[in-house]
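# output the structure for:
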Amino acid sequence: ESLFQEIQNEEKEFGIKLSFYEFLFLAFIKNAFKRSSEFLILEVGLGGRLDAVNLFDAEVVGLTSIGRDHQKFLGDTLVEILHEKLGVAREERIIFSAFESRYLRSEAKRKAFEKFAFLLDLVESQVISPSETYSEKNWKMAKLLAKEFLGPIDLNRICLNRFPMIKQKKTIFNFKNAHNPEGFRSLVSELCRTDENYDVIVLGLSMRPDKDLHTMIKSLLAYTCNNAKIYLTPFNGQKALPEHDVKALSEYFSLGWIQDWKSFFNSEEVDNKKILITGSNYFLGAVYQYYHLQ
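Here you go, the predicted structure:
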């Protein structure tokens, strides 16, 4: 509480108003400095060049994927988004990358050369395979960076997934984030490659352009590994797609409709079923928190 008050006093002193995320970022940084941390690991919130983390000169930058997201701020093409992300790289510092696209890997090399930065392409060096999932790539890069810069640590104690599986009686809930078109293509590829079979797929969406929403749902409909029933549901949360838009998508694509996901997950309809919960991280977080509190 004293830390928050300190920041509020600084806002008044300098005549500025921080955004919610800027406020939390500054609180975290102040707390980290008070602890005299030896290492500081920061996740970019949006892009890179204009993100708050770019206040610091990073010794190492890790880039695992490029997807169309926040186009209003980052640009409409993957190359534009790549340039924004590389804005956090510094001269004579290290960049680790793991892009599937050869063109993006080539462009990343070119931009790194312009910056006099050292780029290590983990796909080209066959440390990471392009066919691996988003989570698998992140995990491999995290292990590599941890081993290289933090020394020996027990990585087995770290959970691979942000939202681990939940088992309630004989019902299994799996969580897989996919919040943009590239994420959905990767998800479907993973489901078919691993032959994972689900009885029910529940999708909660955040606000995105209509074109993206249609592309995402069409990708999910291409999941033909089994006859999973696909449902759309609204949820309360930041950036959540309005209920009337979710309902319209459900009708347009002839998908199942869930008015209240909490009631649905507590109904007999999901008994003894394997359920995939996907879409927005805000939705996954809401569902996971609900069961965690239960």
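
# for the rest of this, base every contact and every neighbour count on C-alpha atoms.
Will do.

# need phi/psi at residue 257.
Main-chain dihedrals, residue 257, degrees, to the nearest 10: phi -120, psi 130.

# what pairs with it across the strands?
Taking DSSP bridges, one obtains residue 232 as the residues bridged to residue 257.

# wait, it sits on residue 229?
No. Using CA atoms under 8 Å, residue 257 makes no contact with residue 229, being 10.6 Å away.

# between the two, which has more neighbouring residues?
A direct count of neighbours by other CA atoms under 10 Å for residue 257 and residue 229 places residue 257 higher, at 19 against 13.

# which ones are touching the more buried one?
By CA atoms under 8 Å, 6 or more residues apart in numbering, residue 257 lies in contact with 231-233, 247, 250.

# now render these as a markdown table, adding neighbour count, pLDDT and distance to residue 131.
Formatted as a markdown table, the contacts of residue 257 follow (neighbours: other CA atoms under 10 Å; pLDDT from 0 to 100; distance: CA to CA, whole Å):
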| residue | neighbour count | pLDDT | distance to residue 131 |
| --- | --- | --- | --- |
| 231 | 18 | 95 | 27 |
| 232 | 23 | 96 | 28 |
| 233 | 20 | 96 | 30 |
| 247 | 18 | 96 | 34 |
| 250 | 19 | 95 | 31 |
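
# and stretch 125-135, what's buried?
128-130, 132-134 (16 or more other CA atoms under 10 Å).

# tell me how far the ends of it are from each other?
Terminal residues of stretch 125-135 lie 19 Å apart, using CA to CA, to the nearest Å.

# pretty sure residue 3 sits against residue 27.
Yes. With contact defined as CA under 8 Å, residue 3 reaches residue 27; the gap is 6.7 Å.

# what's the per-residue pLDDT of the closest residue to residue 171 other than its chain neighbours here?
Once flanking residues are discounted, residue 171 sits nearest to residue 272: 4.6 Å by CA to CA, 6 or more residues apart in numbering. On the pLDDT scale, residue 272 is placed at 90.

# any idea how far residue 272 is from residue 235?
For residue 272, the distance to residue 235 equals 24 Å [CA to CA].

# and if you look at residue 91?
From residue 91 to residue 235 the distance is 44 Å (CA to CA).

# of the two, which one has the most company?
Taking neighbours as other CA under 10 Å, residue 91 and residue 235 compare with residue 235 leading, 23 against 15.

# mind checking the SS state of that one?
Taken by DSSP: H, G, I helix; E, B strand; the rest coil, the conformation at residue 235 corresponds to coil.

# wouldn't it be in contact with residue 284 here?
No. Residue 235 lies out of contact with residue 284 (CA under 8 Å); the separation is 10.0 Å.

# give the residues shared as contacts by those two.
residue 204.

# once you drop chain neighbours, what's closest to residue 264?
residue 258 (7.0 Å).

# now stretch 245-259: buried residues?
246-247, 249-250, 255, 257-258.

# now do the SS call for residue 172.
Using three-state DSSP, the secondary structure recorded for residue 172 is strand.

# how about residue 91?
Here residue 91 takes the coil state, with states given by three-state DSSP.

# how about it, what does it touch?
So residue 91 contacts 115-117 (CA under 8 Å, 6+ apart).

# which of those fall within strands?
Of the contacts of residue 91, none are assigned to strands by DSSP state E.

# of these, buried ones?
Buried among those by 16+ other CA under 10 Å: 115, 117.

# test my guess that residue 52 contacts residue 22.
Yes. Between residue 52 and residue 22 there is a contact under CA under 8 Å: 6.9 Å.
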